[in-house]
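Colleague: Here's a sequence, model it:
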Amino acid sequence: MPLARRNFWRRLLRGAVVASVVATIAPGCQSVQRRMTIRSNPPGAMVLVDGREIGYTPASVDFTYYATREVTLVKDGYETLTTLQSFEKPWYQYPGIEFVSDNLLPVTVTNRHDLTYNMRPTVPQPTGDLRGRADAFRSRAMIGQ
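Modeller: You can find the predicted model right below:
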């Protein structure tokens, strides 16, 4: 067998071995971990992220994609807080680079987001005022205004 042809087959075999090793190892690796931790003042509020219940603050959850998330905090005696929280991509998560950073890095990169929200106490409505507004609304509804 000529030398050039033998070198071709050796390189092809070597490339196939490297590709199979990478294909075997890479899918099991998660080189980038994304995690958000949500805290509230006062602590103990129920946390919902995109409508999914996460737990009570402080609560942590892993996520896969960078996007704008709807974060809702609910606690008795406090106004429900709903906010849209954006997560910007770091430079190593842009197309092309992200395949390498997500699958082939020999180390794990942890991207953590700590979010703290201040909740406002509920202002109690005087019962008389509420009843008066309800009666006025009922009167307007009955006369068709």
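
Colleague: Look at V61 and say how many residues are nearby.
Modeller: By the measure other CB atoms under 10 Å, the count of residues near V61 is 15. Where you see a C-beta, it was placed from the backbone N, CA and C, and this is true even at glycine.

Colleague: per-residue confidence at the spatially most central residue of the chain?
Modeller: Closest residue to the average C-alpha location of the chain: F63 at 4.3 Å, with CA atoms, centre = their mean. Here the pLDDT value assigned to F63 is 89.

Colleague: Wait, a helix at F99?
Modeller: Yes - F99 forms part of a helix when assessed by DSSP: H, G, I helix; E, B strand; the rest coil.

Colleague: any idea how far K89 is from it?
Modeller: Relative to K89, F99 is positioned 14 Å away (criterion: CB to CB, to the nearest Å).

Colleague: of those two, who's got more company?
Modeller: Using other CB under 10 Å, the more surrounded residue of F99 and K89 is K89, with 13 against 10.

Colleague: separation between that one and Y66?
Modeller: 5 Å.

Colleague: Any idea how far apart the tips of stretch 46-63 sit?
Modeller: Separation of the first and last residues of stretch 46-63 by CA to CA, to the nearest Å is 18 Å.

Colleague: Identify the residues contacting that stretch?
Modeller: For stretch 46-63, contacts defined as CB atoms under 8 Å, 6 or more residues apart in numbering pick out 33-40, 43-45, 69-75, 87.
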